[in-house]
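Novice: The following comprises the amino acid sequence and a computationally predicted model.
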Amino acid sequence: MKENKYSLFIDGEFVEGSTKEWFEVINPADESLVGLTAKATVEDVEAAVQAAKRAFDNGSWSRLSATKRAEVLLGMAEGMAARQRELANLMVEESGSTIHKATMEVILSINTLKYYADLIRTPYTYEAIVPNDDAFIYSYNFVQREPIGVCAGIVPWNFPLAVGFWKIAPGLAAGNTMVIKVPTEAPLVLMEIAKIAQDAGLPKGVLNIVAGAGRVVGEYLAAHPQVDKISFTGSTGVGKRILELSSASNLKIATLELGGKSANIILEDADLAVAIDGSLFATMLHSGQVCESGTRLLVPKSRYDEVIEGLVSRAKTIKVGDPSKEETGMGPIISKKQKEKIEEYIQIGIKEGAKRVLGEEALQGKVYEKGFWVPPTIFADVNNQMTIAREEIFGPVVSVIPYKSEAEAIAIANDSIYGLAGGVWSKDQRRAVEVAKRMHTGTIWVNSYHLLNPIAPFGGYKQSGLGRELGIQGLLAYTQSKHIHVDLENDGGSRYRWMLP
Ligand SMILES: NC(=O)c1ccc[n+]([C@@H]2O[C@H](COP(=O)([O-])OP(=O)(O)OC[C@H]3O[C@@H](n4cnc5c(N)ncnc54)[C@H](O)[C@@H]3O)[C@@H](O)[C@H]2O)c1
Ligand SMILES: C[N+](C)(C)CC=O
């Protein structure tokens, strides 16, 4: 067990935390103990913020050249690549990710580091602007992009590594220092990163990693007057609380990546074999515990029966079980609490008149005796006013909604408080893109789903979020711009003689 005891990482050191209390991390597939993590108190978080502030102010990172910062980020990427399998296995154990999803996540995280290391070596930090007014013609103006300061990141359990790196990679690349709060359910993989960062030569205090209760650690960071920016990924309810605390304290800049109830539209001309498999991938990946899951599947009435039949027969082929096995398609649910929440939604769906066409039979076998399991569940005959079409379930449950016309499909898709993602399936790509343009969401996949690339921004419309991560926007979100005006006449005074004759 000793090697699976994880300390907090503050000011370049692994520390036990002020109360020396530890919490258990449980494998959701069999309820075994994966490891112990030190539980941070507000005193520990304060120490982490102060370490990040000192590190920012001393310039060991914030004033380092972009090329040198990029070298360290690439060193971290190399360190992660060398331990790819180990990191993926740890995520399988602590979060129930299948080995495929966990491996994809490590690769996405490495690519995010590499992308930002490349981006800061291009002159994004500098922008010349040309005066367009005679009064300013003899001046030279430029905009400098500067780091913001101490940035906090709050990370959820479903993609602990990738979401962590959507914050750490651009945040560090831009020259900020950081305090990351890891999720209590799956804290270990990001805590491993502390060692990798240290080995890559990240100066002390630049990256601090703490674990602890959201209400204590997360709220303390959100309300802290010396935290200059907060980036939160999690539920919409907690996101609203973060925004309240962050603006009331010091008007800190906030990026919020929140929940979703994404619509996935199969158009009449779609290749159903492709669309059905793609729509199951859209909802069952990571047992549906993915923010952008296509949980409202919109199907034309003319092809409805075919689609339902296809979904049921293909979903039955998903192997649910031990997430460490290569052949497993779907693993467990993160916790007993989350499993019970999903089951409650399933009962609500039945009560409100939706027809459960798959998922009634409990999973049978030794592997399901322990751990937290919910079978792939399909509801037919859902209408968009039902609770299971309006609220985020965060489980392997898809609500199939029939529609009569393309216009009706778009109206249903947009009738949601959320706007995170969506999908469109059609043989006619031009038509699919026209539909995509009319959907009010931040990401749409045409004839695919869940494919993420560090070059493209990710984030939500409406109550799915504020701001963007990834892409150039994701880097700029960790900078603030400063306009510098240099008077070329070396005689600025001549311009205000009217006041000081
Ligand atoms: N848009 C995205 O990119 C994205 C990505 C992943 C997850 N999510 C969303 O996250 C939710 C599932 O994750 P979850 O259950 O971990 O969400 P959550 O909001 O309960 O927790 C997210 C993180 O916030 C912390 N937290 C909890 N309460 C807090 C509080 N009062 N103040 C500060 N921090 C607090 C948690 O400890 C955790 O680290 C879903 O709604 C999902 O859609 C969104
Ligand atoms: C966007 N992503 C996949 C990293 C996390 C969503 O839950």
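Specialist: Structure's in. What do you need? Ligands and ions are numbered 1, 2, ... in the order given.

Novice: and Ala162, what is it in contact with?
Specialist: By C-beta atoms under 8 Å, 6 or more residues apart in numbering, Ala162 lies in contact with Glu105, Leu108, Ser109, Thr112, Leu452. The C-beta positions use only the backbone N, C-alpha and C, and glycine is treated the same way.

Novice: Check Thr122 too.
Specialist: By C-beta under 8 Å, 6+ apart, the contact set of Thr122 is empty.

Novice: Next one, pLDDT for it please.
Specialist: On the pLDDT scale, Thr122 is placed at 84.

Novice: How much space separates it from Ile333?
Specialist: When distance is defined by C-beta to C-beta, to the nearest Å, Thr122 is 43 Å away from Ile333.

Novice: related to what we said a few turns ago, show me which of the contacts of Ala162 is closest to ligand 2.
Specialist: When the contacts of Ala162 are compared for distance to ligand 2 (C-beta to the nearest ligand atom), Leu452 wins out at 6.0 Å.

Novice: ok, the helix or strand of the chain with the lowest mean pLDDT: who's next to it in the sheet?
Specialist: One helix or strand of the chain scores below all others by mean pLDDT, DSSP states H and E: strand 126-129, with a mean of 73. Strand 126-129 pairs in its sheet with strand 139-147 (antiparallel), by DSSP bridges.

Novice: Identify all contacting residues around the strand it pairs with.
Specialist: For strand 139-147, contacts defined as C-beta under 8 Å, 6+ apart pick out 56, 62, 124-131, 174-176, 476, 478-488.

Novice: Okay, now the unreliable bits of the protein?
Specialist: The chain contains residues with pLDDT under 70 at 1-3, 124-126, 135.

Novice: Grab the most central residue of it for me.
Specialist: Centroid-nearest residue in the chain, with C-alpha atoms, centre = their mean: Val163, separated by 4.0 Å.

Novice: before we move on, could you check phi and psi at that residue?
Specialist: The phi/psi pair for Val163 (degrees, to the nearest 10) reads phi -70, psi -40.

Novice: wait, what's in contact with it?
Specialist: With C-beta under 8 Å, 6+ apart, Val163 has these contacts: Val155, Pro156, Thr233, Glu257.

Novice: Report the beta-bridge partners for the last one.
Specialist: The partner list for Glu257 in beta bridges (DSSP bridges) reads Thr233, Gly465.

Novice: For the contacts of Ala162, give me TSV that also has secondary structure, distance to ligand 1 and neighbour count.
Specialist: Formatted as TSV, the contacts of Ala162 follow (DSSP: H, G, I helix; E, B strand; the rest coil; distance: C-beta to the nearest ligand atom, whole Å; neighbours: other C-beta atoms under 10 Å):
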residue	secondary structure	distance to ligand 1	neighbour count
Glu105	helix	12	26
Leu108	helix	13	18
Ser109	helix	14	29
Thr112	helix	13	29
Leu452	coil	10	19
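
Novice: Let's have those residues in a markdown table, adding distance to Gly239.
Specialist: What follows is the contacts of Ala162, written out as a markdown table (distance: C-beta to C-beta, whole Å):
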| residue | distance to Gly239 |
| --- | --- |
| Glu105 | 22 |
| Leu108 | 22 |
| Ser109 | 22 |
| Thr112 | 22 |
| Leu452 | 20 |
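
Novice: how long is stretch 351-368 from one end to the other?
Specialist: 27 Å (C-alpha to C-alpha, to the nearest Å).

Novice: how about that stretch: buried residues?
Specialist: For stretch 351-368, the buried set under the neighbour-count rule, 16 or more other C-beta atoms under 10 Å, comprises Ala354, Arg356, Val357, Leu358, Gly359, Val367, Tyr368.

Novice: is it fair to say the third one lies in a strand?
Specialist: Yes. Assigned with DSSP: H, G, I helix; E, B strand; the rest coil, Val357 falls within a strand.

Novice: which bits of this structure sit near ligand 1?
Specialist: 154-159, 163, 181, 183-184, 214-215, 218-219, 222, 233-235, 238, 241-242, 257-260, 291, 392, 394, 420, 460, 465 (C-beta under 6 Å from any ligand atom).

Novice: how about a cut-off of 5 Å?
Specialist: By C-beta under 5 Å from any ligand atom, the part of the chain that sits against ligand 1 consists of 154, 156, 183, 214-215, 218-219, 233-235, 238, 257, 259, 291.

Novice: Got a PyMOL select line for the buried ones in those residues?
Specialist: One line in PyMOL is enough to select the buried ones among those; burial here means 16+ other C-beta under 10 Å:
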select buried, resi 154+156+183+214+218+219+233+234+235+238+257+259+291
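
Novice: The residues of the chain next to ligand 1 in strands, which ones?
Specialist: Cross-referencing the residues of the chain next to ligand 1 against strands under DSSP state E gives Ile154, Thr233, Glu257.

Novice: And for Ala436, the neighbour number?
Specialist: Counted with other C-beta atoms under 10 Å, the neighbours of Ala436 add up to 20.

Novice: Give me the three-state assignment for it.
Specialist: Ala436 ends up helix, using three-state DSSP.

Novice: Tell me which residues touch it, please.
Specialist: Neighbouring residues of Ala436 by C-beta under 8 Å, 6+ apart: Gly422, Val424, Ile444, Val446.

Novice: And for Phe232?
Specialist: Contacts here follow C-beta under 8 Å, 6+ apart; on that basis Phe232 touches Gly153, Ile154, Gly218, Ala222, Val238, Gly239, Ile242, Ala254, Thr255, Leu256, Glu257.

Novice: between those, which is closest to ligand 1?
Specialist: Once C-beta to the nearest ligand atom is applied, the member of the contacts of Phe232 that ends up nearest ligand 1 is Gly218, at 2.2 Å.

Novice: Now do the same contact list for the closest residue to that closest one other than its chain neighbours.
Specialist: Nearest residue to Gly218, sequence neighbours excluded (C-beta to C-beta, 6 or more residues apart in numbering): Ile154, at 5.0 Å. When contacts are counted by C-beta under 8 Å, 6+ apart, Ile154 is found next to Ile180, Lys181, Gly214, Gly218, Leu221, Ala222, Ile230, Ser231, Phe232, Thr233, Gly234, Ile242.

Novice: and if we set it to 7 Å?
Specialist: Taking C-beta atoms under 7 Å, 6 or more residues apart in numbering, we find Ile154 in contact with Lys181, Gly218, Leu221, Phe232, Thr233, Gly234.

Novice: Reformat these into CSV and put distance to Tyr403 next to each item.
Specialist: Conversion of those to CSV gives the following (distance: C-beta to C-beta, whole Å):
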residue, distance to Tyr403
Lys181, 41
Gly218, 40
Leu221, 43
Phe232, 34
Thr233, 31
Gly234, 31
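
Novice: Work out for me the element the spatially closest residue to Phe281 that is not a sequence neighbour sits within.
Specialist: Excluding the flanking residues, the one nearest Phe281 by C-beta to C-beta, 6+ apart is Tyr449, at 5.7 Å. Assigned by DSSP states H and E, Tyr449 falls within no helix or strand.
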